[in-house]
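Asks: Sequence plus predicted model, see below.
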Amino acid sequence: MPVVLGPNRYGKAETRLVRVVRDGGVHHIKDVTVSTALSGQMDDVHLTGDNAAVLPTDTQKNTVYAFARKHGVAEIEDFAILLARHFVESQPTIHHARVEIEEYFWDRIPAGADPAPGAEERQHSFVRSGREVRTCAVHHDRDGTTTVVSGLTDLVVLNSTGSEFSGFIQDEYTTLRPTKDRVLATAVTARWRHLSAASPYRESYGEVRRCLLGAFAETHSLSLQQTLYAMGERVLNTREEVCEVRLAMPNKHHFPVDLTPFGLDNPNEVFYAADRPYGLIEGTVLRDDAPAARFAWE
Ligand SMILES: O=c1[nH]c(=O)c2[nH]c(=O)[nH]c2[nH]1
């Protein structure tokens, strides 16, 4: 049976990098995980074991650290673009690079209203933020195309009212009761595709996040699907640099607890926050004139 080599890529996954910027005594930190994946002229390494075309994954990792020192790490998208273009442009055997970065936020530990002696220490003391994780995925191809997808994961949100779910199919297995007032909670994973590689990434991230939160809070929800669409639509109507939004939102069910065995009512105040299973609502919202995504989502 003839066998052929199919699509392949290789790289260093999850290089952990913390970059400290020392501005006198005031420090700034960037805490990221970088994953690189390269592809190109890789037939020989798979078919004969000839490694001549291979830029080692160890070198890819070293490049991440060297570039962090040389260029700094400002917006994760810019750092990913720099790396992706470097791998493709410096190595003739590498035809395509994908660089994914996750960023974890840190807050400065507050000095307090009445700073004690030594409060300046707070210039280099941080507490890991309970916020979401910021993400990006950059592809650069030998034909000169760069695609950028920004995103976030684990943006945990909850509406304690303003959510209904009724009018759904009722078959012989349906036990769910329609509700006109429920808790709606989710952990948003959102990714958004930029029209070009030249977006103002810092501002764009803050504004897209604001759109997602605003639409979640302001939509009177008849379903999580409807809320998802409203969130994507808000981003596209507000941010002209974005042409496509993909959302994945687990329905973090909150079930009212039956307190009647204890002689108590429960007017939608006491909930069991279920862990699993959970509904998983996923969807894409895009401009009707969005250009082809090519490899942006791969
Ligand atoms: O917003 C919802 N969408 C569903 O599709 C669904 N299905 C379900 O059981 N609960 C919900 N809630």
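Replies: Looks like it came in fine. In this text the structure is predicted, and so the values were computed from the model without any measurement. Numbers count the residues shown, from 1 in each chain.

Asks: Now do the contacts for residue 280.
Replies: By Cβ atoms under 8 Å, 6 or more residues apart in numbering, the residues touching residue 280 are 248-251. Heads up, the C-betas are built off the backbone N, CA and C, glycines and all.

Asks: Quick check: closest non-adjacent residue to residue 131.
Replies: residue 105 (4.8 Å; Cβ to Cβ, 6 or more residues apart in numbering).

Asks: brain fart, residue 240
Replies: Closest to residue 240 by Cβ to Cβ, 6+ apart is residue 195, at 7.7 Å.

Asks: and that neighbour, how many neighbours does it have?
Replies: Applying the criterion other Cβ atoms under 10 Å, we find 16 residues in the vicinity of residue 195.

Asks: what's the answer for residue 96, then?
Replies: There are 20 residues near residue 96, going by other Cβ under 10 Å.

Asks: Would you mind measuring from it to the ligand?
Replies: Taking Cβ to the nearest ligand atom, to the nearest Å as the measure, residue 96 and the ligand are separated by 38 Å.

Asks: helices or strands next to the host helix or strand of that residue in the packing?
Replies: Residue 96 belongs to strand 94-104 when assigned by DSSP states H and E. Under the contact definition 3 or more Cβ pairs under 8 Å, 6 or more residues apart in numbering; DSSP states H and E, strand 94-104 sits against strand 26-40, helix 76-90, strand 133-141.

Asks: would JSON lines of the ones you listed with mean pLDDT, distance to the ligand and mean neighbour count be doable?
Replies: Compiled in JSON lines, those are given as follows (pLDDT from 0 to 100; distance: least, Cβ to the nearest ligand atom, whole Å; neighbours: other Cβ atoms under 10 Å):
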{"stretch": "strand 26-40", "mean pLDDT": "97", "distance to the ligand": "32", "mean neighbour count": "19"}
{"stretch": "helix 76-90", "mean pLDDT": "98", "distance to the ligand": "32", "mean neighbour count": "21"}
{"stretch": "strand 133-141", "mean pLDDT": "98", "distance to the ligand": "24", "mean neighbour count": "23"}
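
Asks: Identify the bridge partners of residue 137.
Replies: Taking DSSP bridges as the rule, residue 137 bridges to residue 100, residue 149.

Asks: ignore the last one, residue 94
Replies: Residues in beta-bridge contact with residue 94 (DSSP bridges): residue 40.

Asks: Need the single longest helix in this structure, by residues.
Replies: With secondary structure taken from DSSP state H, the chain has its longest helix at helix 201-218.

Asks: For the helix or strand following it, which outside residues touch it?
Replies: Using DSSP H and E, the helix or strand that directly follows helix 201-218 along the chain is helix 224-238. Helix 224-238 is contacted by residues 184, 186, 188, 190, 192, 207-208, 211-212, 214-216, 219, 221, 242-243, 245, 247, 249, 251, 279, 281-287 when judged by Cβ under 8 Å, 6+ apart.

Asks: filter those residues down to the ones near the ligand?
Replies: 251, 279 (Cβ under 6 Å from any ligand atom).

Asks: Can you give the domain ranges for the protein?
Replies: 8-108+122-144, 152-298 (automatic domain parsing).

Asks: Just send the ones you listed back as a markdown table, with distance to residue 2 too.
Replies: Below are those laid out as a markdown table (distance: least, Cβ to Cβ, whole Å):
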| stretch | distance to residue 2 |
| --- | --- |
| domain 8-108+122-144 | 13 |
| domain 152-298 | 27 |
